[in-house]
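A.B. asks: Build me a model from this:
(chains A, B, C and D)
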2 protein chains.
Amino acid sequence: MPQTKVVSLEKLKTACKNCGLAKLCLPLGLENNDIERLDAIVQRNRPLHRGNHIFQTGSRFGSIYVVKSGTIKSYTQCPNGTEQVVGFHLPGEVVGLDGIETGKHICSAKALETTAVCEVPFSRLEELTATVPGLQHQMFRLMSKEISKETGLMVLLGKSTAEERLAAFLLSLSVRFHSYGFSSTEFNLSMSRREIGSYLGLALETVSRLFTHFQEERILEVDRKHIKILEVDRLFQLLSDQNGCLERLQHPHNTETPGQ
Amino acid sequence: MPQTKVVSLEKLKTACKNCGLAKLCLPLGLENNDIERLDAIVQRNRPLHRGNHIFQTGSRFGSIYVVKSGTIKSYTQCPNGTEQVVGFHLPGEVVGLDGIETGKHICSAKALETTAVCEVPFSRLEELTATVPGLQHQMFRLMSKEISKETGLMVLLGKSTAEERLAAFLLSLSVRFHSYGFSSTEFNLSMSRREIGSYLGLALETVSRLFTHFQEERILEVDRKHIKILEVDRLFQLLSDQNGCLERLQHPHNTETPGQ
DNA sequence: CGCGTTTTTGAAACCGGTCAAACTCGGTGG
DNA sequence: CCACCGAGTTTGACCGGTTTCAAAAACGCG
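C.D. replies: Residues are numbered from 1 along each chain as shown, chains lettered A, B, ... in the order given. Next up is the predicted model:
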């Protein structure tokens, strides 16, 4: 392997720190200048405060966003006032793909805590994906992953009990935190019980009861927003008993290299 | 407008008849030879019989498929034997996008009746999307639509009652049949009560009861697989009462031209 | 015609939702 | 410094929609 490859990887790591989207390029070994070109179109906005919106339902779609730190909640507002959470986005994850089809966002996205995002203007990204073939493939993969993730959630919401849903949710968070370099067993929930419930199709009281139940069972230690997972295996058991198919669908983060 | 444009549209219609994917190009006005190139990579396989698989869970991903006629069901098999339906695909709709990310399909797809599909080898499609910029955008739109559709279903499964789910399902079928040139008020269900229930997260008995209930209410006429919608408005009412947000999410088939 | 599959219908059990009240915590202002 | 307030959470009791179990009926197919 020539020296340029090493330099390229070094560049990549820097770019990766700047913007989670660059992670996409890693399996691909893009050329030096390609990475710079990707990096160049990324806009780094100032951090969002709790409650700030990235975009709202119906607003014009122009960019996709990569979470650098913090948490983004995407949700829809029903006419009767209640909101329905459709996703939580952790560092490294992408928000806003829903708007591509119609040119308008079909849901709103707001920060649950102080959050930094990278804005990637979509038209400029498309120019780039057209000229960098590997990048196009990565975009397809990214969107395919989003589809798989939602399919998994569908299965969860369609078949599972409240217990299974919360277990799956906690494991999903655990896996995702881990893959982004945080602890997989101890973390803070940035969302409320109500928001978890909305996401999982449960009443907030049910979520609360389940947390205390898991604590009584010594599966978790719960202190308000702080979660410590004591027995991951028992959480997994709760899923695999009924819905083994979830493991496949729910955790698309065991990213193996494609076509290999 | 020059003559070539007219010829182009003529070609398009032919291509459209051959393969639903070509529909994607319509809003774009692709050049003559571009359409031919798209058309050239499409493989037309012989019709599938009821029960035949297009692909199965874990099999290598190589192509996406466009339904020409009939119905495809995509589903996952849980280890305890029960299956979970994750989608029904009508003529004009695409199957197999889930496999792009990992290179393996995460669900199985089989024909519910005699069904014809076009096979589009993905690597060749990618070559084409890289050289035909408009086609790339259409692919992004297609995948974005898939994401929106699943988001809508998530909301449906998370919040709604059994009645609302079946109403949404019937309306979704109605809209889709209509947009593909069939009657929007009278059609045959190619799937069983059990499959509908699995898809909507309900027991098959519940689905059956709801059909008789809708019939008693004179909203539907049901004769086994044959459905006649008597009062579309009342079906819509069932949704809008609680979940007005579904209208936006559930029916991404009101395709307006993007960015306009 | 007879068999198996699908659908319908009934009755009982249960999970989770709803309503209501108590409690905790963080923040604010007297 | 503490009393107060409101949002978020916990806990309890009750209710209702769905599931489950069971059996009969309808239909499709050989």
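A.B. asks: Contacts only, for residue A:198.
C.D. replies: By Cβ atoms under 8 Å, 6 or more residues apart in numbering or on different chains, the contact set of residue A:198 is A:75, A:83, A:84, A:85, B:158. The C-beta positions use only the backbone N, C-alpha and C, and glycine is treated the same way.
A.B. asks: Let me know the pLDDT of it.
C.D. replies: pLDDT for residue A:198: 96.
A.B. asks: measure it to residue B:47 for me?
C.D. replies: 44 Å (Cβ to Cβ, to the nearest Å).
A.B. asks: what does the stretch 51-200 of chain A have sitting close to DNA strand C?
C.D. replies: A:161, A:162, A:163 (Cβ under 7 Å from any atom of the strand).
A.B. asks: what helices or strands is the one helix or strand the last one maps to leaning on?
C.D. replies: Secondary structure here is read from DSSP states H and E; on that basis residue A:163 sits in helix A:162-179. Under the contact definition 3 or more Cβ pairs under 8 Å, 6 or more residues apart in numbering or on different chains; DSSP states H and E, helix A:162-179 sits against helix A:133-159, strand A:186-188, helix A:193-200, helix A:204-216, strand A:226-229, helix A:232-242, helix A:244-250.
A.B. asks: Mind doing that once more with 7 Å?
C.D. replies: helix A:193-200, helix A:204-216, helix A:232-242, helix A:244-250 (3 or more Cβ pairs under 7 Å, 6 or more residues apart in numbering or on different chains; DSSP states H and E).
A.B. asks: ok, which stretches of the stretch 1-150 of chain A are strands?
C.D. replies: A:43-44, A:53-55, A:63-69, A:72-77, A:83-89, A:94-95, A:108-111, A:116-121 (DSSP state E, counting those that start in this stretch).
A.B. asks: right, and those strands - which one's nearest chain B?
C.D. replies: Chain B sits nearest to strand A:72-77 of all those, at 4.3 Å, using Cβ to the nearest Cβ.
A.B. asks: quick one: the spatially closest residue to residue A:201 that is not a sequence neighbour and residue A:156, what's the gap?
C.D. replies: Closest residue in space to residue A:201, ignoring its immediate chain neighbours: residue B:158 at 3.2 Å, by Cβ to Cβ, 6 or more residues apart in numbering or on different chains. Distance, residue B:158 to residue A:156, using Cβ to Cβ: 10 Å.
A.B. asks: For these two, work out which one has more neighbours and name it.
C.D. replies: Per other Cβ atoms under 10 Å in any protein chain shown, whichever of residue B:158 and residue A:156 has more neighbours is residue A:156, with 28 against 24.
A.B. asks: Touching, that one and residue A:167? I think so.
C.D. replies: No: the criterion here is Cβ atoms under 7 Å, and residue A:156 misses it with residue A:167 at 10.0 Å.
A.B. asks: who's in contact with the residue nearest to residue A:201?
C.D. replies: By Cβ atoms under 7 Å, 6 or more residues apart in numbering or on different chains, the residues touching residue B:158 are A:84, A:157, A:201.
A.B. asks: Am I right that the last one is in contact with residue B:159?
C.D. replies: By that I understand residue A:201. Yes: contact status for residue A:201 versus residue B:159: in contact at 6.2 Å, counting by Cβ under 7 Å.
A.B. asks: quick one: which of the two has more around it?
C.D. replies: Between residue A:201 and residue B:159, counted using other Cβ under 10 Å, the more crowded position is residue A:201 (24 against 19).
A.B. asks: Return the residues in contact with the more buried one.
C.D. replies: Counting by Cβ under 7 Å, 6+ apart, the residues that residue A:201 touches are A:157, B:157, B:158, B:159.
A.B. asks: Residue numbers of the stretch 101-250 of chain A in contact with chain B?
C.D. replies: Contact residues, the stretch 101-250 of chain A versus chain B (Cβ under 7 Å from any Cβ of the partner chain): A:101-103, A:106, A:126, A:129-130, A:133, A:136-137, A:140-141, A:143-148, A:150-151, A:153-155, A:157-159, A:201, A:242-245, A:248-249.
A.B. asks: May I have the phi/psi pair for residue A:191?
C.D. replies: The phi and psi torsions at residue A:191 (degrees, to the nearest 10) take the values phi -110, psi 160.
A.B. asks: how many neighbours does the closest residue to it other than its chain neighbours have?
C.D. replies: Closest residue to residue A:191 apart from its sequence neighbours, by Cβ to Cβ, 6+ apart: residue A:112 at 5.7 Å. A count of nearby residues for residue A:112, using other Cβ under 10 Å, gives 19.
A.B. asks: List the residues that contact residue A:112.
C.D. replies: When contacts are counted by Cβ under 7 Å, 6+ apart, residue A:112 touches A:50, A:71, A:73, A:190, A:191.
A.B. asks: The residue nearest to residue A:56 when sequence neighbours are not counted pairs with what?
C.D. replies: With Cβ to Cβ, 6+ apart as the criterion, residue A:56 has its nearest non-adjacent residue at 4.4 Å, and that residue is residue A:108. Beta bridges link residue A:108 to residue A:75, judged by DSSP bridges.
A.B. asks: From residue A:58, how far out is residue A:108?
C.D. replies: According to Cβ to Cβ, residue A:108 stands 9 Å off from residue A:58.
A.B. asks: now do residue A:208
C.D. replies: To residue A:58, residue A:208 is 33 Å away according to Cβ to Cβ.
A.B. asks: And those two? Which one has more around it.
C.D. replies: Using other Cβ under 10 Å as the criterion, residue A:208 and residue A:58 rank with residue A:208 on top: 16 against 12.
A.B. asks: correct me, but that one touches residue A:193?
C.D. replies: Yes: in terms of Cβ under 7 Å, residue A:208 counts as a neighbour of residue A:193; the distance is 5.3 Å.
A.B. asks: Figure out how far stretch A:70-86 is from the centre of its chain.
C.D. replies: Using Cα atoms, centre = their mean, to the nearest Å, the distance from the centre of stretch A:70-86 to the centre of the chain it belongs to is 16 Å.
A.B. asks: in stretch A:121-136, what counts as buried?
C.D. replies: Using 16 or more other Cβ atoms under 10 Å in any protein chain shown as the test for burial, stretch A:121-136 gives A:122, A:124, A:125, A:126, A:128, A:129, A:130, A:132, A:134, A:135, A:136.
A.B. asks: Which of those residues sits closest to DNA strand D?
C.D. replies: Nearest to DNA strand D among the buried residues of stretch A:121-136: residue A:122, at 32.6 Å, using Cβ to the nearest atom of the strand.
A.B. asks: Quick check: the closest one touching residue A:64?
C.D. replies: Yes: between residue A:122 and residue A:64 there is a contact at 5.9 Å, judged by Cβ under 7 Å.
A.B. asks: which ones are touching the closest residue to residue A:177 other than its chain neighbours?
C.D. replies: Excluding the flanking residues, the one nearest residue A:177 by Cβ to Cβ, 6+ apart is residue A:187, at 5.3 Å. By Cβ under 7 Å, 6+ apart, residue A:187 lies in contact with A:173, A:177, A:227.
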